[in-house]
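In: pasting a predicted model and its sequence here:
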Amino acid sequence: MEKRNSGTEKEQRAKRSLSPGLGPVPIALCALILLLSLTAFYHLFLHLISQIHYHRAQILLRDGDYGLAISHLRKAYRYGGTDYRIPKQLGNAFHELGQSAAGANNAFLFALKAKGFYQEASRLNPLDADTAYGQAREEVRLEKLYEYLHPERKHNPHEALPFFRKAIVLRPNSILYRYAMARYLYDHKRTDELLTVVRTLSKLYPPAYHYLKREPLWTPPVREAVKEGIEQAIEEGISQREAHRSMSFLLAEEREWPGSIAHYGKALLYQPFTNNAGDYIHLGHLYLKDGDPDGAEETFFKALELSRSKEEDLEGIYQIYRDEDYSEEFYRVYQQVSRRFSLSCQADLLLARNLIDLKRYHNARGVLNDLIQKEPTAEAYYWLARIAHMEEDWDGMELAIQKATVLEPTNSRYHLLFSEVLKRMRKLDRAEKEATLAIRHSPQPSPWLFHNRARVRWAQKHYQGAAEDWKSAIRLSPETALFYAQAAEAYRMLGDWPVATDYYQKALELDPENKHYQKRYRELKAESGNQGAWCRAGRLY
């Protein structure tokens, strides 16, 4: 028994000798691994917290809540200070705050903060073009504010040009950066560099011409530089469709019609599947400008073949022929269009209007009466009324325009014409009613509609009502001298000479060379005598 126990103890000791316990080295290794894991997890946790604040700030920036966005961005920066996007967004937020800041000093301080954050973002990522542009933009603001706040100082420590140059080096094809730089160079009268920038800008993006021509920097040298840039784009095969279109528009402004036509025609050869009726209508207009109605006619037919709303586009073509004084040629075109395309009978209204332009009133009346027989419309009666007006047939005009108002009672234009003919026929009560309906149904307030009703009320000797209408017209169009003069006459008829004098004085301020106003003002001033002391400026409005 003892021998057996002894053997068992020996076996156990042998096993323990084969499985030694953990010594000090493995324990340290485990601790190190645990420490590294905790450290990595901690940094990952901080990065996660930073990103949560950053994305919250993004939403707030989009909603325009810049103050709260800055608070979240500062927290994001505290937890993830190596992410250049965070200080860049702080720069953007302070930039926006500066735009709405009260006072130049506050705006300057916000701009300085924005600049500081852009600098930090640039330090973290010197290759980010947006950050460089943000610096340039802020330097532009700081330049202007510094000059405003310190006009006595000759040296301005802020200069945006190096940052514009850096942004363009980092993103050489950016249209935004070059456009902003062009404005900056113009403001600083750096003409040679400006011409280089707009030349390159026009080459990279030929449609820039349409925007540049609206800028104060648009001068003959700039125009020539833009033209050179577009020519380079054409030579190098850059945006061929837009390059030829832009060149066509530029030449059209110079009234070089053949060149404009040639370039627009070439533009339509590129991506022809994008051509639409409007493209060919524009080209046809160029042909008319060049005095080539045959070329225009053929091009307009192409436009109508592509058109999805033929009658609407035909209306536009009619207006072009009318504006360019080719009404006779449109009559021929319309005859062919009506045979080649399926149009509603109401399209013949264009034919009637064309005949009116040609003063063929009898033929126009025949077309309109045929239309009314098929389908009476307010517009057909309106044009019959217009014909009657031209022929001084007041009874016929009254009957036609009355039918137009019955068929379309909410049309302000019809009520206006009806009021005019009623006034001419001395049916003043009805004329005032129609003038009121014209005002009521107008899509937007019009001073001339109030002027029209005031004239009717004047004819009724309702001077107080006329004065009120002219005051309404003044509120809608305070720079129109006529309304002040008419209001003055109404108050003169009411015996309120001081107020009438004040109105004529205002009319003269707006139209000082008007001899009639000068004469009436002198007469009223004499009539009012010493009563001017009780004039009240508030009664003018």
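Out: Structure received.
In: CA atoms of the one helix or strand Leu201 maps to as PDB?
Out: Remark: Leu201 resides in helix 191-204, with elements defined by DSSP states H and E. Only the C-alpha atoms of helix 191-204 are listed here, as PDB (Å, rounded to 0.1, in the frame of the first residue of the first chain):
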ATOM      1  CA  THR A 191      -4.700  93.700 -65.800                       C
ATOM      2  CA  ASP A 192      -2.100  91.500 -67.400                       C
ATOM      3  CA  GLU A 193      -2.700  88.700 -64.900                       C
ATOM      4  CA  LEU A 194      -6.400  89.200 -65.200                       C
ATOM      5  CA  LEU A 195      -6.200  88.600 -69.000                       C
ATOM      6  CA  THR A 196      -4.200  85.500 -68.500                       C
ATOM      7  CA  VAL A 197      -6.700  84.100 -66.000                       C
ATOM      8  CA  VAL A 198      -9.800  84.800 -68.100                       C
ATOM      9  CA  ARG A 199      -8.100  83.400 -71.200                       C
ATOM     10  CA  THR A 200      -7.300  80.100 -69.400                       C
ATOM     11  CA  LEU A 201     -10.700  80.100 -67.700                       C
ATOM     12  CA  SER A 202     -12.500  80.500 -71.100                       C
ATOM     13  CA  LYS A 203     -10.400  77.700 -72.600                       C
ATOM     14  CA  LEU A 204     -11.100  75.300 -69.700                       C
END
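In: which residues touch that helix?
Out: Contact with helix 191-204 is made by 173, 175, 178-179, 181-182, 185-186, 208-209, 212, 217, 221-222, 225-230, 232-233, 236, 238, 246, as judged by C-beta atoms under 8 Å, 6 or more residues apart in numbering. The way it works is simple: take the backbone N, C-alpha and C, and place the C-beta from them, glycine included.
In: please apply the same query to stretch 252-264.
Out: 213, 244-245, 247-249, 251, 282-283, 286-287, 289-291, 295.
In: on that earlier part again, if you look at the contacts of helix 191-204, which of them are in strands?
Out: Of the contacts of helix 191-204, none are assigned to strands by DSSP state E.
In: of these, just the buried ones, PyMOL syntax please.
Out: To isolate the buried members of those in PyMOL, using 16 or more other C-beta atoms under 10 Å:
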select buried, resi 178+179+181+182+185+186+208+209+212+217+222+225+226+227+229+230+232+233+238+246
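In: among the contacts of helix 191-204, name the ones in helices.
Out: Per DSSP state H, helices hold the following members of these: 175, 178-179, 181-182, 185-186, 208-209, 212, 221-222, 225-230, 232-233, 236, 246.
In: and the spatially closest residue to Glu228 that is not a sequence neighbour, how many neighbours does it have?
Out: Here the nearest residue to Glu228 in space, its sequence neighbours aside, is Arg199; by C-beta to C-beta, 6 or more residues apart in numbering that works out to 5.5 Å. Arg199 has 20 neighbours, counted by other C-beta atoms under 10 Å.
In: and the pLDDT for Arg199?
Out: pLDDT for Arg199: 96.
In: out of the contacts of stretch 252-264, the closest to Lys302 would be?
Out: Nearest to Lys302, judged by C-beta to C-beta, of these is Leu283 at 8.5 Å.
In: thought Gly284 was touching Pro293?
Out: No - with contacts defined as C-beta atoms under 8 Å, Gly284 does not count as touching Pro293, sitting 9.6 Å away.
In: just want to know which of these two has more residues nearby.
Out: Of the pair Gly284 and Pro293, Gly284 is the one with more neighbours under other C-beta under 10 Å, namely 25 against 20.
In: now the more buried one: how far from Ser342?
Out: As defined by C-beta to C-beta, to the nearest Å, Gly284 lies at a distance of 21 Å from Ser342.
In: check Ala76 too.
Out: Distance from Ala76 to Ser342, by C-beta to C-beta: 64 Å.
In: these two - which one has more neighbours?
Out: Neighbour totals were compared for Ala76 and Ser342, and Ala76 leads with 26 against 7 (other C-beta under 10 Å).
In: quick one: residues contacting the more buried one.
Out: 50-54, 57, 83, 86.
In: phi, psi of Thr82?
Out: In terms of degrees, to the nearest 10, the main-chain angles of Thr82 are phi -100, psi 0.
In: isn't it up against Arg123?
Out: No - taking contacts as C-beta under 8 Å, Thr82 lies outside contact range of Arg123: 10.7 Å.
In: can you give me the buried ones in whichever helix or strand Leu482 is part of?
Out: Secondary structure from DSSP H and E places Leu482 in helix 481-493. Buried residues in helix 481-493, counted by 16+ other C-beta under 10 Å: 481-492.
In: ok, stretch 126-140 next?
Out: Quick answer for stretch 126-140 (16+ other C-beta under 10 Å): 128-140.
In: just to revisit the earlier point, tell me what the helix holding Leu482 is packed against?
Out: helix 447-459, helix 463-476, helix 497-510, helix 515-528 (3 or more C-beta pairs under 8 Å, 6 or more residues apart in numbering; DSSP states H and E).
In: model confidence over the third one, on average?
Out: I take that to be helix 497-510. Helix 497-510 shows an average pLDDT of 93 in the prediction.
In: now the terminal residues of stretch 434-452, how far apart.
Out: Taking C-alpha to C-alpha, to the nearest Å, the first and last residues of stretch 434-452 lie 10 Å apart.
In: which of the helices and strands packed on helix 481-493 comes out lowest on mean pLDDT?
Out: helix 515-528 (a mean of 86).
In: pull the residues that contact it.
Out: With contacts defined as C-beta under 8 Å, 6+ apart, helix 515-528 is touched by 481, 485, 488-489, 492, 497-498, 500-501, 504-505, 507-508, 511, 532.
In: stretch 401-414 now?
Out: With contacts defined as C-beta under 8 Å, 6+ apart, stretch 401-414 is touched by 376-379, 381-382, 385, 415, 417-418, 421, 434, 437-443, 449.
In: so Glu392, which of the three states?
Out: Using DSSP: H, G, I helix; E, B strand; the rest coil, the three-state assignment for Glu392 comes out as coil.
In: contacts only, for it.
Out: Applying C-beta under 8 Å, 6+ apart, no residues qualify as near Glu392.
In: next, it: phi, psi?
Out: Dihedral angles (degrees, to the nearest 10) for Glu392: phi 60, psi 40.
In: helix or strand for the spatially closest residue to His53 that is not a sequence neighbour, which one?
Out: Nearest in space to His53, with sequence neighbours left out and distances taken as C-beta to C-beta, 6+ apart, is Ala76 at 3.8 Å. Assigned by DSSP H and E, Ala76 falls within helix 66-79.
In: just the CA trace of that helix, in PDB.
Out: This file holds the C-alpha atoms of helix 66-79, laid out as PDB (Å, rounded to 0.1, in the frame of the first residue of the first chain):
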ATOM      1  CA  TYR A  66     -23.200  78.100 -37.300                       C
ATOM      2  CA  GLY A  67     -22.900  78.800 -33.600                       C
ATOM      3  CA  LEU A  68     -24.000  75.300 -32.500                       C
ATOM      4  CA  ALA A  69     -22.000  73.800 -35.400                       C
ATOM      5  CA  ILE A  70     -18.800  75.500 -34.000                       C
ATOM      6  CA  SER A  71     -19.500  74.000 -30.600                       C
ATOM      7  CA  HIS A  72     -19.600  70.500 -32.000                       C
ATOM      8  CA  LEU A  73     -16.600  71.100 -34.300                       C
ATOM      9  CA  ARG A  74     -14.500  72.300 -31.300                       C
ATOM     10  CA  LYS A  75     -15.400  69.000 -29.500                       C
ATOM     11  CA  ALA A  76     -14.600  67.000 -32.600                       C
ATOM     12  CA  TYR A  77     -11.200  68.800 -32.800                       C
ATOM     13  CA  ARG A  78     -10.500  68.100 -29.100                       C
ATOM     14  CA  TYR A  79     -11.000  64.300 -29.700                       C
END
